[in-house]
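Student: I'd like to go over a predicted model; first the sequence, then the structure.
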Amino acid sequence: MAPMEGKVALVTGAASGIGRSSALALAEAGAAVCVSDINGAGAEETAHRIIDMGGKAIAVSCDVTKAEDVKTMVAATVDAFGQLDAAVNNAGIAGSFTDRLHEADDLMFEQVLAVNLRGVWLCTKAELAQMLSAGDGSIVNIASVAGLIGAPKAAAYTASKHAVVGLTKSAAVDYAKLGVRVNAICPAYTDTAMVQSAIAGNPLMAHIMERAIPMGRLGQPTEIAEAVVWLCSDASSFVTGHALALDGGLVAL
């Protein structure tokens, strides 16, 4: 049987990149999926892809920094499919990767923390409330290797992702005996629109990123999605509070 057969999953930031790949992979594994993004058209496209391949999906436009949007997203998932078994909190922004901390813009810092940390906080709260009523569930927060190590000229992003890892571990301890598992995935540079945008602004960036990774290449969103499915499924039933580095060996240096 497919590992997510009969289960319902929710994915934020699912209009592109890791979020879209995760939504598609969960659907391929048998889950009905709520595809969410602030980009409503992109979410609709991902949902249509799932439906076209014979799966079940709905699209919900959601700003994860707004509590009411998040509550509506979770309610829409349950209204459509009757339950919520897994959630992938992927929505995030990069902010600036060009300035050292003393040069960085305060507004940029606040925006990054609002999406990357407050968004995960609000989503996790709403998802937990639903999962606790069922006594079962798995939450996967998409952090970054920047949540495990320092990243140059990315203090805001690094701070937000370290915070996501800490939030994940604390939640995992709180709910370990209540049937809900909470884990984080920490990808290194992955071939997404966000990374390609950074590369476009600096022709040397791709070479720098590849040299930083012992495997000598960027990760692929589908590789991250495979780990997402595993952590969402019962195959990882004894795993909680873990920050899984998918990084081609970067943090082993």
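Tutor: Yep, that arrived. Numbers count the residues shown, from 1 in each chain.
Student: Can you list the low-confidence ranges for the stretch 151-253 of the chain?
Tutor: Applying pLDDT under 70 to the predicted model, the residue ranges of the stretch 151-253 of the chain that meet it are 201.
Student: Repeat the analysis, applying 90 as the threshold.
Tutor: Within the stretch 151-253 of the chain, the set of residues satisfying pLDDT under 90 comprises 151-153, 191-210.
Student: quick one: the strands in it?
Tutor: Across the stretch 151-253 of the chain, reading from the start of the chain, the strands by DSSP state E, counting those that start in this stretch fall at 180-187, 243-246.
Student: other SSEs contacting the shortest one?
Tutor: Think strand 243-246. On a contact count with 3 or more CB pairs under 8 Å, 6 or more residues apart in numbering; DSSP states H and E, strand 243-246 meets helix 155-175, strand 180-187, helix 221-232. Yep, even glycine has a C-beta here, placed from its N, CA and C like the rest.
Student: so S36 touches A14, yeah?
Tutor: Yes: using CB atoms under 8 Å, S36 is in contact with A14, at 5.9 Å.
Student: Comparing those two, which shows the higher neighbour count?
Tutor: Between S36 and A14, S36 has the larger neighbour count (other CB atoms under 10 Å), namely 37 against 34.
Student: Name the SS class of that one, please.
Tutor: At S36, secondary structure determined by DSSP: H, G, I helix; E, B strand; the rest coil is strand.
Student: Spell out which residues sit in contact with the residue nearest the centre of the chain, please.
Tutor: Compute the mean C-alpha point of the chain, and by CA atoms, centre = their mean the closest residue is N90, 2.2 Å away. Neighbouring residues of N90 by CB atoms under 8 Å, 6 or more residues apart in numbering: V11, T12, G13, A14, I18, G19, S22, I142.
Student: Swap in 6 Å and give it another go.
Tutor: Listed by CB atoms under 6 Å, 6 or more residues apart in numbering, the contact set of N90 reads T12, G13, I18, G19, I142.
Student: now do S237
Tutor: By CB under 6 Å, 6+ apart, the contact list for S237 is empty.
Student: make it 8 Å
Tutor: Going by CB under 8 Å, 6+ apart, the list of residues near S237 reads R181.
Student: Off-centre distance for stretch 48-56?
Tutor: Relative to its chain's centre, stretch 48-56 lies at 21 Å (CA atoms, centre = their mean, to the nearest Å).
Student: got the end-to-end distance for that stretch?
Tutor: 9 Å (CA to CA, to the nearest Å).
Student: which stretches of the stretch 1-150 of the chain have low pLDDT?
Tutor: By pLDDT under 90, the low-scoring segments of the stretch 1-150 of the chain are 1, 95-99.
Student: where do the strands sit along it?
Tutor: Secondary structure of the stretch 1-150 of the chain (DSSP E, counting those that start in this stretch): strands located at 8-11, 32-37, 57-61, 86-89, 137-142.
Student: Can you add distance to V70 and give these back as CSV?
Tutor: Below are the strands of the stretch 1-150 of the chain laid out as CSV (distance: least, CB to CB, whole Å):
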stretch, distance to V70
strand 8-11, 10
strand 32-37, 9
strand 57-61, 10
strand 86-89, 10
strand 137-142, 13
